[in-house]
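Chemist: what shape does this take:
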Amino acid sequence: MEYAKDVLVSTDWVDAHKNDAGIKLIDVNEDILLYHTGHIEGALKLDWQGDLWDPVMREFISAQELSALLGKLGISQTDTIVLYGDKSNWWAAYAYWFLTYNSVKNLKLMNGGRQKWTAEGRALVTETAPVTETAPVTPTTYPALKRDESLRAYRDEVRAHIETVRSGTGAMVDVRGPDEFSGKVTHMPAYPQEGVLRGGHIPGARSIPWAKAVGEDGTFKSADELSALYGGEGVTPDKDVIAYCRIAERSSHSWFVLRELLGYPRVRNYDGSWTEWGNGVGLPIEKTYQDA
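Modeler: Down below sits the predicted model:
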């Protein structure tokens with residue numbers, strides 16, 4: 001069984017083609033300072049929070065603002081955009097999902113991300129100034145973009161989706177760790193700022209941690225392995241699927257697996273995720289952890 005789409009490139013491929021015309025490498029890390037300590041030659045920096053989030057409310061920049069950002073980075077509609085980053089491509093997958101949500105085409109992930117690149121001893125270049133000063137680009141006029149709302153789930157849609165899970169026509173995937181899912185903890189270790197008032201999970205959700213989809217080197221497992229992983233939990237291609245985590249970076253990774261690698265036709269990412277649901281008034285939860 002092969003992957004559904006040609007959306008991955010290897011570190012070998014990137015090393016050979018990083019300077020080709022029409023190839024744009026974009027570095028997207030959880031740690032936004034990593035770019036300046038070392039990045040692949042020619043890569044542009046994308047700050048997932050500063051560039052993609054509205055500065056005032058919890059919402060993304062508009063499609064029009066994204067067009068302007070891509071133009072500022074010198075990206076054309078015909079360019080192939082290759083994303084990579086730390087944490088096995090958490091935030092690179094998040095950027096991939098957000099760009100796809102805004103109908104940007106020709107996207108790929110570098111399989112294994114930054115960790116595989118560095119583990120192989122491949123070269124990084126270092127810069128301390130903004131990328132637009134150290135790696136000048138020629139701005140473009142990127143065409144207007146239109147959002148594909150079939151790829152994003154909102155809170156009220158998630159609440160309604162609970163009934164489809166119960167009826168067997170839908171599926172909910174919680175990609176957080178087992179202790180987060182059970183309600184034993186309200187945040188990942190070292191992430192207390194993203195804790196919530198209530199621990200647990202959305203009723204009917206299946207626990208399929210994102211990390212089960214990758215190997216030790218951060219590359220994705222085979223299509224057969226991935227199909228067995230999700231199918232074994234009842235998350236099958238015939239169902240309408242919603243994935244979530246805490247703020248949608250890990251669920252973007254699982255969304256990528258389900259939709260782009262396995263070809264599931266209906267997969268949405270709930271970007272509000274547990275930081276919204278766990279703090280929401282009137283929202284039901286399930287909790288399997290019992291205090292001793």
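Chemist: packing partners for the helix or strand hosting residue 100?
Modeler: Secondary-structure assignment from DSSP states H and E places residue 100 in helix 90-101. The contact analysis (3 or more CB pairs under 8 Å, 6 or more residues apart in numbering; DSSP states H and E) places helix 90-101 against strand 80-84, strand 107-110, helix 249-255. Backbone N, C-alpha and C define where each C-beta goes, glycine included.
Chemist: in JSON lines, list these along with mean neighbour count.
Modeler: As requested, the helices and strands packed on helix 90-101 are arranged in JSON lines below (neighbours: other CB atoms under 10 Å):
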{"stretch": "strand 80-84", "mean neighbour count": "23"}
{"stretch": "strand 107-110", "mean neighbour count": "23"}
{"stretch": "helix 249-255", "mean neighbour count": "28"}
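Chemist: which of these sits closest to residue 140?
Modeler: With CB to CB as the measure, strand 80-84 is the member of the helices and strands packed on helix 90-101 nearest residue 140 (12.8 Å).
Chemist: direction included, what does the closest one pair up with?
Modeler: Sheet pairing of strand 80-84 (DSSP bridges) gives strand 23-27 (parallel), strand 107-110 (parallel).
Chemist: what's the closest of the ones you listed to residue 243?
Modeler: Comparison of these against residue 243 by CB to CB identifies strand 107-110 as nearest, at 16.5 Å.
Chemist: next structured bit after that closest one?
Modeler: Sequence order places helix 113-119 as the next helix or strand after strand 107-110, per DSSP H and E.
Chemist: so which bits of that following helix are buried?
Modeler: Taking 16 or more other CB atoms under 10 Å as the neighbour-count basis, helix 113-119 is seen to contain the buried residues 113, 114, 115, 116, 117.
Chemist: likewise for stretch 58-75?
Modeler: Neighbour count says stretch 58-75 has 60, 61, 63, 66, 67, 70, 71, 73, 74, 75 buried, by 16+ other CB under 10 Å.
Chemist: what does stretch 271-281 give?
Modeler: When burial is assessed from 16+ other CB under 10 Å, stretch 271-281 yields the following buried residues: 271, 272, 273, 274, 275, 276, 277, 278, 280.
Chemist: now stretch 207-223
Modeler: Using 16+ other CB under 10 Å as the test for burial, stretch 207-223 gives 207, 208, 209, 210, 213, 214, 218, 219, 220, 221, 223.
Chemist: of those, which belong to helices?
Modeler: Residues from the buried residues of stretch 207-223 lying in helices, with DSSP state H as the criterion: residue 223.
Chemist: state the pair within the buried residues of stretch 207-223 that is farthest apart.
Modeler: The most widely separated members of those are 207 and 219, with 22.8 Å between them, by CB to CB.
Chemist: which residues touch residue 215?
Modeler: For residue 215, the contacting residues are residue 221, by CB atoms under 8 Å, 6 or more residues apart in numbering.
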